[in-house]
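Colleague: return atomic coordinates for the entry below.
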Amino acid sequence: MSKVRVNKKRLLSLARKGFSSRKAAYGLAIAAFLSGVATVISITDRSGSSYEIDTVLSLLYIDGILLLLLAVVVIWQLMRLWAERRRGAAGSGLHARLIVLFSLVAVTPSILVVVFSALFLNFGMQSWFSERVRTALNESMVVAKAYLHSHRNIIQTDAFSLANDLNLNAGQLMRNRNLFNDILSSQSALHSLSEAVVLDSAGNVLARARFSLMPEIETLPIDALDTANEGKIAVIDSENEERMRALIRLNRFVDAYLLVERLVDSRVSGYIERINSAVRSYKKMESERSGIQVSFIIIFVMVALLLVLAASWVGLVVARHLARPISQLITAAEEVSGGNLDYRVDVGIANDEIGTLGHAFNNMTSQLEAQQIGLLEANRKLDERRRFTETVLAGVSAGVIGLDARCNVHLPNRSASELLGLNIADFVGKPLAEVIPEMKELLVSAIEIPQRTHQGEIRLLRQNGIRTLLVRITGETLKRETIGYVLTFDDITDLLLAQRKAAWGDVARRIAHEIKNPLTPIQLSAERLLRKYAEKIEDDPDIFITCTETIVRQVEDIGRMVDEFSDFARMPQPDMKLNDIIEVCREVIFFERTRNPRIRIEEELPETAVMVNCDGNQIARALTNILKNAAESVSTKMALEPSIKESGFISIKLEYQHFTNPAKESGYLKIVVIDNGKGLPEDCERLTEPYVTTREKGTGLGLAIVRKIMEDHYGNVHLENRQGGGAKVTLSLPFARDLPKAQKFNEQVMTSERAQ
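Modeller: Just a heads-up that it's a prediction; the model follows:
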């Protein structure tokens, strides 16, 4: 069994080598070409001998064997190519294109040869079976038949003439047989007859010419006797038409018939026979015309296929040998592209262009390998510098963004993402003007004059409100060419707010100090005038009373404003202790319901106490301010839209946000106030800044005080417009269930706020 397996493997190996060998390809192709040419030459030979026919058949058998062998070889090669294409072998595409090209080069002339051969065969057949040839053959046949018909008529005339002479002398001739023979001999010579015999119906000779060449009298055909008995002359043709006989009844004799014969010229009979044979052959070939054409076309096609397959196999082998070095180059290129710079092409001893290309490729890979080593070392150093730079930038609180020469984001730090409110690392490679359009104007200035440092403030609208950034852009140049920009920025929103608060606090103290002093004497003087002179003035006392009351009322309003200035300027530190926030909310709601009975105030508060570490008075003051603003907004809308006079409402509810402790012992408590008033402006976050108001007589300090109270409690206030109309204000406070936890939680919040 092992020997059988070894033999099978050796046979398969030999078959593969034979199928892909260039010598075998050329040898088989030459054999197919010679066999095809020999077949065509044998077919076109006109001798028609049996020897030539056997040669053609032998060549056709050889052609068939070579055709099958070439078909197997070509199919084998095509299957190998298909398998290489499926597994994506290098150079298989080029190999396939070369095979297609060689096949087209081989197939095109073969198809043309077959087509033109078929056309020539068709034209030849048409010329062979043309009307002129057919007419010539038919007319030759007619001439031959006319010649025979003329002989027939002549022998009939001679037989009739001789029979009449014999009938006239019947009695004398019956008595003298020698005379009978002499008369037959003389008449035969006279009419140029080769034979003249008188015989009965049984075939017995009654008389005959003396120089008769007929060795013996054949039995007369019955149909000839019947014709003669009818009084007609029966003409009897020989098989080879070398002689012609006529039979006539002698009426004056008893049972006697005259048989005369005339020989036809052997040359003429040969011509007639050849004409008949040619006509028969022509008609046979004409009846088999389509079969002959099909046979010749099949032979041409087989020879053409033989030549095509031979050329295709040669093309396959040549294409493989052409594509092999290119495939090696492709494989080498793939290895190099994959990072294997040690790969080299085996060029051997080739001195052609492919060998030159292989040497050039090997030189290129050697240079690339050397350059890669240098680049890796340079990249290592650059990576060390980059990591050092990133480490430095990561520790910087300011936002830093490195830009390339086209102002595309190149290297941002973590603080940049935090300050901008977006992950700036996701926009690396994109133009900064598209990522942050607010910086476009400053970027344009930096591009125009890259040698200077450009500084400016920009305002960004983010989810947590409007933020103000102080931005600086500096260009980086190398040999008078800008290679990039460095952009640094800080969030100065809180700084500006603190500056404004400090400034407005100082203004508020001065206003309170300067205005409050004269307000009391003005109010007291107006009240004294009203008490003392109200009854004494007789001329328009109502005007006097109205004016004095107006003075008193306006002074009270100014005094209230001064109190707000004073409160804002010297807001006391909160007295932190546990307070029931539910009780605080209900007290404020009660006062607001009393002040605005026309507005429906709804509450969604739990029944149990919620203890919060806060200053109850300040929280009540902040909540009162929020409810007061909500009531004024609802009242304004009710005045403008009579349809909602009875549907104005304010809703107060509590929400929890537990995040600090899984046991939900601490977190944020949110007091949410909702109304259906006229709503807030788009930049509603600015309403918490000092002296920003939308009311005609507003001081702009109410929401600023609310914000300061919430910040003192480490909470916040959030303003937004409510869907469907109205406003939504959220006060967020840190809370805990008991006092120790509340104090500890507030300390944690304070520490976190200070760290931020």
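Colleague: so which residues of the stretch 501-650 of the chain form strands?
Modeller: 577-580, 600-604, 611-614, 649-658 (DSSP state E, counting those that start in this stretch).
Colleague: packing partners of the last one?
Modeller: Using 3 or more Cβ pairs under 8 Å, 6 or more residues apart in numbering; DSSP states H and E as the contact definition, the elements that strand 649-658 packs against are helix 581-595, strand 600-604, helix 616-640, strand 666-675. The C-beta positions use only the backbone N, C-alpha and C, and glycine is treated the same way.
Colleague: neighbouring strands of the longest strand seen in the chain in the sheet, and parallel or not?
Modeller: In the chain, assigned by DSSP state E, the strand with the most residues is strand 465-478. According to DSSP bridges, strand 465-478 forms sheet pairs with strand 453-462 (antiparallel), strand 481-491 (antiparallel).
Colleague: which of these sits most buried?
Modeller: With neighbours defined as mean count of other Cβ atoms under 10 Å, the strands paired with strand 465-478 peak in mean count at strand 481-491, which reaches a mean of 18.
Colleague: what's in contact with it?
Modeller: Here strand 481-491 makes contact (Cβ atoms under 8 Å, 6 or more residues apart in numbering) with 397-405, 407, 410, 416, 419, 432, 439, 443, 446-447, 450, 467-477.
Colleague: drop anything exposed from those residues.
Modeller: For the contacts of strand 481-491, a burial check counting by 16 or more other Cβ atoms under 10 Å picks out 398-404, 407, 410, 416, 419, 432, 439, 443, 446-447, 450, 467-475.
Colleague: may I have the beta-bridge partners of the closest residue to Ala425 other than its chain neighbours?
Modeller: Excluding the flanking residues, the one nearest Ala425 by Cβ to Cβ, 6 or more residues apart in numbering is Pro412, at 6.1 Å. Listed beta-bridge partners, Pro412: Ile401 (assigned using DSSP bridges).
Colleague: adjust the sequence numbering to begin at 7 for everything that follows.
Modeller: I'll keep to 7 as the first residue from here, and by that count the last item is Pro418.
Colleague: what sits against Pro418?
Modeller: Per Cβ under 8 Å, 6+ apart, neighbours of Pro418: 405-408, 430-431, 434.
Colleague: likewise Asn635?
Modeller: Counting by Cβ under 8 Å, 6+ apart, Asn635 makes contact with 708-709.
Colleague: ok, how many other residues are close to the residue lying closest to Arg627 once chain neighbours are set aside?
Modeller: The spatially closest residue to Arg627, leaving aside those adjacent along the chain, is Ile715, at 6.8 Å (Cβ to Cβ, 6+ apart). Counted with other Cβ atoms under 10 Å, the neighbours of Ile715 add up to 24.
Colleague: cool, His157 as well?
Modeller: Neighbour number of His157 under other Cβ under 10 Å is 19.
Colleague: just the pLDDT for it.
Modeller: Note on His157: pLDDT of 72.
Colleague: and it, how far from Leu707?
Modeller: Distance of His157 to Leu707, given as Cβ to Cβ, to the nearest Å: 155 Å.
Colleague: over to Glu482?
Modeller: 47 Å.
Colleague: just checking, what packs against the helix or strand containing Tyr67?
Modeller: Per DSSP states H and E, Tyr67 falls inside helix 56-92. If you count contacts as 3+ Cβ pairs under 8 Å, 6+ apart, helix 56-92 packs onto helix 8-26, helix 28-50, helix 98-134, helix 295-343.
Colleague: how many neighbours does the residue nearest to Tyr674 when sequence neighbours are not counted have?
Modeller: In space, and not counting its chain neighbours, Tyr674 is closest to Gln663: 4.2 Å by Cβ to Cβ, 6+ apart. Residue crowding around Gln663 was assessed by other Cβ under 10 Å; the count is 12.
Colleague: same check, this time on Ala645
Modeller: With other Cβ under 10 Å as criterion, Ala645 counts 9.
Colleague: quick one: it from Glu267, how far?
Modeller: 155 Å.
Colleague: likewise for Gly490?
Modeller: Gly490 is 132 Å from Glu267, by Cβ to Cβ.
Colleague: now Pro443
Modeller: 132 Å.
Colleague: ok, now Leu66?
Modeller: 53 Å.
Colleague: more neighbours: which of the two?
Modeller: A side-by-side neighbour count of Leu66 and Glu267, using other Cβ under 10 Å, places Glu267 first with 22 against 18.
Colleague: residues near the residue nearest to the more buried one when sequence neighbours are not counted, how many?
Modeller: Leaving aside its chain neighbours, Glu267 sits nearest to Glu201 (3.8 Å; criterion: Cβ to Cβ, 6+ apart). Neighbour count of Glu201, defined by other Cβ under 10 Å: 20.
Colleague: ok, Glu201 touching Gln193?
Modeller: No: in terms of Cβ atoms under 8 Å, Glu201 does not count as a neighbour of Gln193; the distance is 11.7 Å.
Colleague: give the contact list for Ile658.
Modeller: 591, 595, 607-611, 633, 677-680.
Colleague: and which of these is nearest to Glu375?
Modeller: Val678 (69.2 Å; Cβ to Cβ).
Colleague: do you know how far the closest one is from Arg627?
Modeller: Val678 sits 18 Å away from Arg627, going by Cβ to Cβ.
Colleague: equivalent analysis for Met85, please.
Modeller: 93 Å.
Colleague: and what of Asp621?
Modeller: 9 Å.
Colleague: what does Arg255 give?
Modeller: From Arg255 to Arg627 the distance is 168 Å (Cβ to Cβ).
Colleague: swap in Ala195?
Modeller: Taking Cβ to Cβ, one finds Ala195 at 175 Å from Arg627.
Colleague: walk me through the domains of the protein.
Modeller: According to automatic domain parsing, the chain comprises the domains 22-134+294-339, 161-286, 401-497, 503-574, 580-761.
Colleague: what about the first one, average pLDDT?
Modeller: I take that to be domain 22-134+294-339. 66.
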